Structure formats: structure tokens, C-alpha cells
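S.K.: sequence unknown, structure follows:
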Ligand SMILES: Nc1ncnc2c1ncn2[C@@H]1O[C@H](COP(=O)(O)OP(=O)(O)OP(=O)(O)O)[C@@H](O)[C@H]1O
């Protein structure tokens, strides 16, 4: 469903991704680990279509289509979703209204009927219960004054409502207490299906105790330097990242 070939990306003329290759099949869960500053968030942003990232070389195919030709909104309409590392606060924008508008925009794009307020309320309450998000947070402005964990749960609530085909979760587990981690993992596991793919950016193998990845990759200096199964995450937890560079040099 996603094929990234020789991707080079710069920000303000500074190369960040340097020949990244990654293939993600439909229904697969891929974990991306790697040192700080290696380009993990950059990859998530480039895939979701954030402005300011210049693709200088390479190709990204999403469901056979040239992803780089699609506007950010079109990508969302076609099922790409990003749960951000630092969810943005939107003071003055009611969370419930935001979620309803987002869902209905996606439904329109899919050729489905919009949900009216009653149906939406039923659905959002059901999903909020699933991710154990206090309903009071639905009545507040999006993420404004939310705790770190509440913001992450709100991202997972959005994901659960929008049911994306390709979910990109950028360090959704960081800053979560152990119960919240489990809830986030349940949200991701509930979304798992043969039609959906998930990319999890994480620093901690503990998330992978709850979400079993099909593949684990290490991103270093803007490219994937090692791929493997879940055991690779355990190895990284034990040994850190330097052995990969030593191994590469040997
Ligand atoms: N807007 C920007 N302007 C200049 N440099 C940037 C910008 N955004 C990111 N970078 C740089 O790009 C590199 C990769 O950043 P990125 O956030 O993708 O790394 P990461 O692997 O997600 O790191 P972390 O694990 O710390 O979250 C870093 O050196 C960062 O300073």
C-alpha cells in the first residue's frame, strides 16, 4: 500500500532524509525506532503532507498513486492519518465540533452520508469510552490545557473515529502512564485489520509488548539501516544504537 523509494528530503536546504527505502503492505504494522534527530518525525510529516519539506529525490507510491502529487487534504481523504508527537492546541475550536467536522469531511470524500448530531454524539461517546477519554474533554477547546496523556488519547480518539487506512503514530506512547499506554495500544489494535496499515514511531520497546509489529526498522541519519522483527526492538533496548553504526563500519 505504501512504497517509499530512495527518499531524500531537506528542510531549509538541510538534508534530513538521505535515501530512505520502506515498503509497507496492507494490513501490516511497522515500528520505526531510531536515535533522536534521525528523521522519524520528518518521515511522518512528509507522508502526511506537512508544508516546508522539500523532496529532492525519490518516490512515494500510496495505493499505486504518486503521493507527492496529492495535497495534504487529499491524503487525509484517501485515508492517511497522523497522530502528532506534539498535538497542537486550538483555543476557541470546540473539540466535539472539530471531531464532527473532520469525520464528516472524510465521510463526504468517501461518498458516505454525513452523520447528524445525534448519530455523531452516539459514536463519539462510544469511541471516547473505548479510549477512556473523559467526556468533559469533548466540550473543551481542542487540546487546550489538556495534559500530555489527554492530548495523546484525543489523537487516538480522532483515529478511532476516522478509521484511516494508513495510520502514522508519531511517539504516541511518550509521556503516557502505563494504563494510558495500554489504552492507546488497545485503540491501535482495535483498528488493526487486513485493510489497514499502521506505522508506529517509538523510542520504547514496551509499546511493542501491547502492539505486535510485523516489522521493526531502525532509522539513522535519514535512512533505514536495519530491519527485522520484534526481536530487533529488544536488541535495541539492550544495546542502544551505536552497535549498528559499528556493525555498518565493520
Ligand atoms: N523546521 C526545521 N528546521 C530545521 N531543522 C529541522 C526542522 N525540523 C526538523 N529539523 C531537523 O531535522 C532532523 C530530524 O528531525 P526529526 O524531528 O525528524 O527527528 P526524530 O527522529 O523524529 O527525532 P526525535 O526522536 O528526537 O523526535 C533534526 O536534526 C532536526 O533538528
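M.R.: Happy to help now that I have it. None of the values given here were measured: they were computed from a predicted structure. Residues are numbered from 1 along each chain as shown.

S.K.: Please count neighbours and contacts with C-alpha atoms only from this point.
M.R.: Fine.

S.K.: lowest average confidence, helix or strand, in the protein?
M.R.: helix 242-249 (a mean of 66; mean pLDDT, DSSP states H and E).

S.K.: Name the nearest residue to residue 35, sequence neighbours excluded.
M.R.: With C-alpha to C-alpha, 6 or more residues apart in numbering as the measure, residue 220 is the residue that lies nearest to residue 35, at 6.6 Å, once sequence neighbours are left out.

S.K.: Who is that neighbour paired with across the strands?
M.R.: On the basis of DSSP bridges, residue 220 is bridged to residue 223.

S.K.: After the helix or strand encompassing residue 186, which helix or strand is next?
M.R.: Using DSSP states H and E, residue 186 maps to helix 178-191. As assigned by DSSP H and E, the chain's next helix or strand after helix 178-191 is strand 197-201.

S.K.: Show me what that following strand is packed against.
M.R.: strand 29-33, strand 166-170 (3 or more C-alpha pairs under 8 Å, 6 or more residues apart in numbering; DSSP states H and E).

S.K.: Which strands border that strand, and is each parallel or antiparallel?
M.R.: Per DSSP bridges, strand 197-201 is paired in its sheet with strand 29-33 (parallel), strand 166-170 (parallel).

S.K.: can you list contacts of the last one?
M.R.: So the one you mean is strand 166-170. 40-41, 44, 79-85, 159, 196-202 (C-alpha atoms under 8 Å, 6 or more residues apart in numbering).

S.K.: Return the angle between stretch directions for it and helix 178-191.
M.R.: Between strand 166-170 and helix 178-191, the angle comes out at 160 degrees (axes from the mean of the first three to the mean of the last three C-alpha atoms, to 10 degrees).

S.K.: is any part of strand 166-170 close to the ligand?
M.R.: No - Strand 166-170 does not reach the ligand (C-alpha under 6 Å from any ligand atom); its nearest approach is 7.9 Å.
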